[in-house]
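Novice: okay, here's the prediction I keep looking at, along with the sequence it came from:
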There are 2 protein chains.
Amino acid sequence: MQKSFTEFEVLADRHDLIAFARDALQDAGAAHQAATVTAEVLVEADTAGVESHGVSRLKRYLSGLSTGRIDGRARCRVVVDAGSLLVVDGNNGLGPAVFQQATDLAIDKAIASDLSITFVRNSNHMGMTGWFTRRAAFQGLFSIACTNGVPLVAPSNGKNAMFGTNPISFSLSTRSDHVTFDGATGVVSRGKLEQLARSGGTMLDDWVIDTSGTPVTNLEEAIAGLEGGRGCAIHPIGGSTAERGGHKGYGLSLLVELLCGPLAGGPWSLHTHLPDRPAQVGQFMMCLKPDAVGDRAVIDTAVESMLREIREARSATPSNPVRVPGDRRRQTSSFRSANGVPLGAQTAQILMDISRETGIPFKFSTLEKGNRNEI
Amino acid sequence: MQKSFTEFEVLADRHDLIAFARDALQDAGAAHQAATVTAEVLVEADTAGVESHGVSRLKRYLSGLSTGRIDGRARCRVVVDAGSLLVVDGNNGLGPAVFQQATDLAIDKAIASDLSITFVRNSNHMGMTGWFTRRAAFQGLFSIACTNGVPLVAPSNGKNAMFGTNPISFSLSTRSDHVTFDGATGVVSRGKLEQLARSGGTMLDDWVIDTSGTPVTNLEEAIAGLEGGRGCAIHPIGGSTAERGGHKGYGLSLLVELLCGPLAGGPWSLHTHLPDRPAQVGQFMMCLKPDAVGDRAVIDTAVESMLREIREARSATPSNPVRVPGDRRRQTSSFRSANGVPLGAQTAQILMDISRETGIPFKFSTLEKGNRNEI
């Protein structure tokens, strides 16, 4: 009899995982290119330690494709291309594929004309926002991106989920350094709650409320309540009150709503993901060629010296050094690229189920738990 | 003998206050136009209830002018004007005057060519960021702006102030509605601490730390420690830990640093405001003409319906309705424009001192405390 995944650490090779996800997406009807990009985006999240945006999402993506709610063969359509502005209709394609196409258009325009601002409508969940800003950074650009999504976050003083988790990301590479920030404007993510549930952790009473506005402190209840509109809501960054800046988290979440909803020509999060309709997710990206606003070498030196001074800043607790956003993910990503990507028991089970249903082999190795020290 | 201001509520007419501030700034050497804009920006903050950015700052502005640290007669110089991009050198002028000129250039460019991105270097403290985004909104544009400043905020895990309070603002007017968000990326402002000290309130132990990283819980100590580099630091939005999103507040503060420091061609906050040198504050603005990305009437309707749905959202506590950012400030501003601007005892004393020194009359009326109900 097969042992349960919970007794092992499941390790997969990054390339094997990408191939598996790609094949499964193609099998569900996605075009080769859309499947490839989507697989890369999802697996990069697992590789970088952002499991909430990784292959555990694959089941949802596949179900979207096979029920026809997502069009895996859609091509983006450029609706507006004027000066530095682009508006792209994703035609309800796979989110990562849509936003990768939009990102590449945005990159091309910014390389050609120093700047681009791109609005995307009619897209789907696109995975880790930082994947796209990093893509622009690797082309020498400074970029900012965000997306709306399933309503999960309540406005300050409110008790109903109206906003997506609305992540904001920015990224810049210099000659010798790099920074990528990627953070939701909700105070906590579902992924973090699931991770706490697995590790036996506890939650703050300032994270999630139910429809009566009462704080939810039971992890299982919170996770279930955030699943598919069953009524719980997450507070914005800073929590429920202005004391720790909750009203500012709310304001920044609303900025994402404006950029990704009305200005992109689509609905705001509250009206995305309606039953039996395309999700109508909206996305935004700004790309800037730093060379256009100054001497690139001078800018790079200034950024490098700033990042160095931040990393060298004195820490309040020696075990927690001051980090530059993205440092840890980059370390994790290179370690896991070389040594394999660990998958939680739940995620391994999801992939195994997909493997059984599709006949696509899921390659992995196992390791007794606790026998591996990640950096 | 003159009664102390603390026994009265001091009320000033908005226009009288503007004239007073303008005359004082001119008397200290500012050009008429720079003095007028600066006075308007400062007084609008008091009128909207954002006293931390109001005429209480006048003393610092005047001292900057009279010592020559700020050049009240400086004119901005356009360094880059290419496509949708602008880089403006403020030539160490008064911050509000510099950023108003930059904003007007940004507005003109966005009206002419749908989009502008403007970087400002070599500026000074510019007052309430929302004043400038609103200015663009009143010209039919969607705008986002931010500024760096005196180092007051520590990065996550750090114990030294390195970042400015780095406010971010955005603003949009539709046919019948308006939204302006304006919030610092620090968890609390000095103004808020001063207000709590006056009202006998208390502070959270998750707001301010001293140079050893120890939480400061005494308001006077915190306020003194944040004055002129005496060593205290404010946490980012969300506070000291990732639990309430402090690492995200830090990331967004770093975004402001990149935009207003290296990309604007100036220092990041840590190296602004060095002794006996121009402050070298940096600023950023994006202006977008919504008409360029969609039908303006459709966008307006979508925004209006979103803002309405947010305001109508069920509140967790009936005494605190769900508000759209800027609603309260706008209400306060129209009430005070009609009924006078109340000034705290400290602020009234500052203006009276300026009046004595300059001979410029400071007109105000007094009211026994508690005899006036603000909305």
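Specialist: Received it, and whenever you're ready, just let me know what you need. In this text, all values refer to a predicted model and were calculated from it rather than measured experimentally.

Novice: please name the residues that touch the residue nearest the centre of chain A.
Specialist: Central residue of chain A (C-alpha atoms, centre = their mean): A:Met128, 2.2 Å from the mean position. Contact partners of A:Met128, counting by C-beta atoms under 8 Å, 6 or more residues apart in numbering or on different chains, are A:Val41, A:Glu44, A:Ala45, A:Ala48, A:Val50, A:His53, A:Asp182. C-beta here means a position set from N, CA and C on the backbone, and glycine is covered the same way.

Novice: next, count neighbours for A:Arg277.
Specialist: Counted with other C-beta atoms under 10 Å in any protein chain shown, residues neighbouring A:Arg277 total 11.

Novice: separation between it and A:Arg69?
Specialist: Counting by C-beta to C-beta, to the nearest Å, the gap from A:Arg277 to A:Arg69 is 8 Å.

Novice: list the contacts of the residue nearest to A:Arg175 when sequence neighbours are not counted.
Specialist: Distance criterion C-beta to C-beta, 6 or more residues apart in numbering or on different chains; nearest residue to A:Arg175, sequence neighbours excluded, is A:Asp300 at 5.2 Å. Applying C-beta under 8 Å, 6+ apart to A:Asp300 gives the contacts A:Thr174, A:Arg175, A:Pro290.

Novice: residues in contact with the residue lying closest to A:Thr301 once chain neighbours are set aside?
Specialist: Sequence neighbours aside, A:Thr174 is the residue nearest to A:Thr301 in space, at 8.0 Å (criterion: C-beta to C-beta, 6+ apart). A:Thr174 is in contact with A:Ile299, A:Asp300, A:Thr301, A:Val303, A:Glu304, counting by C-beta under 8 Å, 6+ apart.

Novice: can you give me the distance of A:Thr174 to A:Met306?
Specialist: A:Thr174 sits 10 Å away from A:Met306, going by C-beta to C-beta.

Novice: same question for A:Arg329.
Specialist: Distance, A:Arg329 to A:Met306, using C-beta to C-beta: 19 Å.

Novice: ok, which stretches of the stretch 201-350 of chain A are helices?
Specialist: A:219-225, A:246-260, A:296-311, A:327-339, A:345-358 (DSSP state H, counting those that start in this stretch).

Novice: can you lay out those as JSON lines showing mean pLDDT and distance to B:Gln195?
Specialist: Shown next, in JSON lines, are the helices of the stretch 201-350 of chain A (pLDDT from 0 to 100; distance: least, C-beta to C-beta, whole Å):
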{"stretch": "helix A:219-225", "mean pLDDT": "94", "distance to B:Gln195": "35"}
{"stretch": "helix A:246-260", "mean pLDDT": "98", "distance to B:Gln195": "16"}
{"stretch": "helix A:296-311", "mean pLDDT": "98", "distance to B:Gln195": "31"}
{"stretch": "helix A:327-339", "mean pLDDT": "96", "distance to B:Gln195": "37"}
{"stretch": "helix A:345-358", "mean pLDDT": "94", "distance to B:Gln195": "48"}
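
Novice: quick one: contacts for the residue in the stretch 1-150 of chain A positioned nearest to chain B?
Specialist: Nearest residue of the stretch 1-150 of chain A to chain B: A:Ser84, at 4.5 Å (C-beta to the nearest C-beta). Taking C-beta under 8 Å, 6+ apart, we find A:Ser84 in contact with A:Lys109, A:Ala110, A:Ser113, A:Asp114, A:Leu115, A:Ser116, A:Ile117, B:Gly83, B:Ser84, B:Asp114, B:Leu115.

Novice: same check on A:Gly231?
Specialist: Under the criterion of C-beta under 8 Å, 6+ apart, the neighbours of A:Gly231 are A:Ala161, A:Asp210, A:Thr211, A:Gly225.

Novice: quick one: which of those is nearest B:Phe99?
Specialist: The closest of the contacts of A:Gly231 to B:Phe99 turns out to be A:Ala161 (C-beta to C-beta; 36.9 Å).

Novice: how about the closest one, nearest residue that isn't a chain neighbour?
Specialist: Excluding the flanking residues, the one nearest A:Ala161 by C-beta to C-beta, 6+ apart is A:Ala233, at 3.8 Å.

Novice: anything in the longest helix seen in chain A sitting right up against chain B?
Specialist: If you go by DSSP state H, chain A has its longest helix at helix A:95-113. Yes - using C-beta under 8 Å from any C-beta of the partner chain, helix A:95-113 reaches chain B at A:Ser113.
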